[in-house]
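Novice: I'd like to go over a predicted model; first the sequence, then the structure.
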Amino acid sequence: MNGEKKESVLSGALIGCGFFARNQMQAWRDLPGANIVAVCDRVPANVARFRQDFDIAEGFTDIEALFNSCDLDFVDIAAPTPAHAELVEAAARHGVDVICQKPFAGPLDMARDLIVQCEQSGISLTIHENFRWQSAIREVVRLVADGAIGEPFFGRVSYRSGFDVFANQPYLAELPRFIIQDLGIHVLDIARALFGDVARLSCETARITPNINGEDTATIMLRHDRGTTCVVDCSYASVLADDPFPQSLIEIDGDRGSIRLKQDFSLELHRPGEAKECRDVTPESPSWSEQPWAVIQESVVNLQRDWLECRRAGRPAATHGADNFNTLGLVEAAYRSAETGRTVVPERWQ
Ligand code: NAD
Ligand code: 89V
């Protein structure tokens, strides 16, 4: 990390000017501590569109030209996973801090190598794992961490929808590994934020939607180190009268109470001998947000704000590279369990 620099406003470049990058760009504009001075995309038209839409000074189609021309404090990589290794390696060579979208890497070995390269280059690496930054989910994480329901013995983090994700992200239909890698990764990360690391897991998957390559439902049972059993269930094949897309719903039972995060953003906390406490945890939507995406868009602002605070304080952000390795390890273990029908011990960072 360029900890010795004392910039009041950090200079950044956004790499990958596609569907999701617009949210990251909008969020940076809401945050006074960073200024996106350049954008980079392989496709010239995407660079031109972002420069025009967001009034960006510089545009590049070549990553080396970006680093050689701009004095950057950080890059925010919103390109797809297969491009991450090349882009993170370039940032490490140039000594520039990295925020990188999920899934960080396909193979775990590649993730490990990139994390080590960043460490050796003295740069910080943060994965843009934003779901745990949704304010409603942060409130549940806080309650569990504060012991509000005692020791949790059961959890369920549930993401079920029939929303047409392929309309905005057509590449998702091509992926041989779909829902766990793209979406389950977020839900598994929420489970880690709630209950910590995982000792073993088992998983069942199915493909329900025709004409896609990967699985679109997954049910994963986790046994956390602390003893909590947690079910993570994901579906993009659910036919629902009232679709919660893109919300994650949470149920937790502890030895001294229970928590429910519901679709109407009510958070119920119940403890023996006390009246049920019901709070409205509806997130504050950014001014630029659009339904149904507001809940995710809010989390992007929260993640990037936290990244800026951590960067200023010289400490790693919550979803730093090595932390996210353990979420990636759950993704890999879930596929292995679904393929083999066995319980799997996930690989973790050490
Ligand atoms: P997209 O295809 O719409 O955009 C990706 C962009 O990256 C394209 O413009 C492409 O030309 C560009 N690109 C590809 N390779 C490049 C390279 N080597 N250098 C520079 N630019 C390059 O994809 P998307 O839907 O925006 O997804 C991008 C990433 O964001 C993925 O990793 C995806 O998983 C992630 N994503 C995250 C969330 C979330 O909530 N965290 C939501 C959607 C997508
Ligand atoms: O968050 C994501 O990675 C998105 C979506 C919510 C659509 O699954 O791909």
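Specialist: Yep, that arrived. Ligands and ions are numbered 1, 2, ... in the order given.
Novice: the residue of the chain found nearest ligand 1 and Pro32, how far apart?
Specialist: Among all residues of the chain, Gly18 sits closest to ligand 1, at 1.8 Å; criterion: CB to the nearest ligand atom. The way it works is simple: take the backbone N, C-alpha and C, and place the C-beta from them, glycine included. From Gly18 across to Pro32, the span is 26 Å (CB to CB, to the nearest Å).
Novice: interface residues of the stretch 151-300 of the chain facing ligand 2?
Specialist: Taking CB under 6 Å from any ligand atom as the contact definition, the stretch 151-300 of the chain meets ligand 2 at Val165, Gln169, Asp182, Leu183, His186, Pro246.
Novice: from those, list the buried ones, please.
Specialist: Among those, the ones that count as buried by 16 or more other CB atoms under 10 Å are Val165, Asp182, Leu183, His186, Pro246.
Novice: now the two most distant members of those.
Specialist: Val165 and His186 (12.7 Å; CB to CB).
Novice: and the stretch 1-150 of the chain, which residues reach ligand 1?
Specialist: 15-21, 40-43, 46, 78-81, 83, 86-87, 101-102, 128, 130.
Novice: out of those residues, which are buried?
Specialist: Of these, these count as buried by 16+ other CB under 10 Å: 15-18, 20-21, 40-41, 46, 78-79, 81, 83, 87, 101-102, 128, 130.
Novice: what residues does the residue of the chain closest to ligand 1 make contact with?
Specialist: By CB atoms under 8 Å, 6 or more residues apart in numbering, the contact set of Gly18 is Asp41, Asn46, Ala78, Ala79, Pro80.
Novice: cool, and Gln26?
Specialist: Going by CB under 8 Å, 6+ apart, Gln26 touches Pro286, Trp288, Gln297, Val300.
Novice: so which of the residues of the stretch 1-150 of the chain next to ligand 1 belong to helices?
Specialist: Under the assignment DSSP state H, those contribute Ala21, Asn46, Thr81, Ala83, Glu86, Leu87 to helices.
Novice: ok, the last one - contacts?
Specialist: Meaning Leu87. Leu87 touches Ile15, Ile63, Val75, Ile77, Ala79, Cys100, counting by CB under 8 Å, 6+ apart.
Novice: most widely separated two among those residues?
Specialist: The largest separation in the contacts of Leu87, counting by CB to CB, is between Ile63 and Cys100 at 13.3 Å.
Novice: more neighbours: the two, which one.
Specialist: Taking neighbours as other CB atoms under 10 Å, Ile63 and Cys100 compare with Cys100 leading, 29 against 22.
Novice: for the more buried one, give its distance to Ala199.
Specialist: In terms of CB to CB, Cys100 sits 28 Å off from Ala199.
Novice: closest one of the ones in helices among the residues of the stretch 1-150 of the chain next to ligand 1 to Leu194?
Specialist: Distances from Leu194 to those, taken by CB to CB, are shortest for Thr81, at 25.3 Å.
Novice: for the closest one, which non-adjacent residue is spatially closest?
Specialist: Pro103 (5.1 Å; CB to CB, 6 or more residues apart in numbering).
Novice: out of the contacts of Gln26, which are buried?
Specialist: Buried among those (16+ other CB under 10 Å): Pro286, Gln297, Val300.
Novice: can I get those residues in a markdown table with pLDDT?
Specialist: Putting the buried ones among the contacts of Gln26 into a markdown table (pLDDT from 0 to 100) gives the following:
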| residue | pLDDT |
| --- | --- |
| Pro286 | 98 |
| Gln297 | 98 |
| Val300 | 98 |
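Novice: helices - which of those residues land there?
Specialist: Gln297, Val300.
Novice: which of the buried ones among the contacts of Gln26 lies closest to ligand 2?
Specialist: Out of the buried ones among the contacts of Gln26, the member with the shortest distance to ligand 2 (by CB to the nearest ligand atom) is Val300, at 10.1 Å.
Novice: I'd like to know how far the closest one sits from Ala105.
Specialist: Counting by CB to CB - Val300 and Ala105 are separated by 21 Å.
Novice: contact partners for Tyr171?
Specialist: Pro80.
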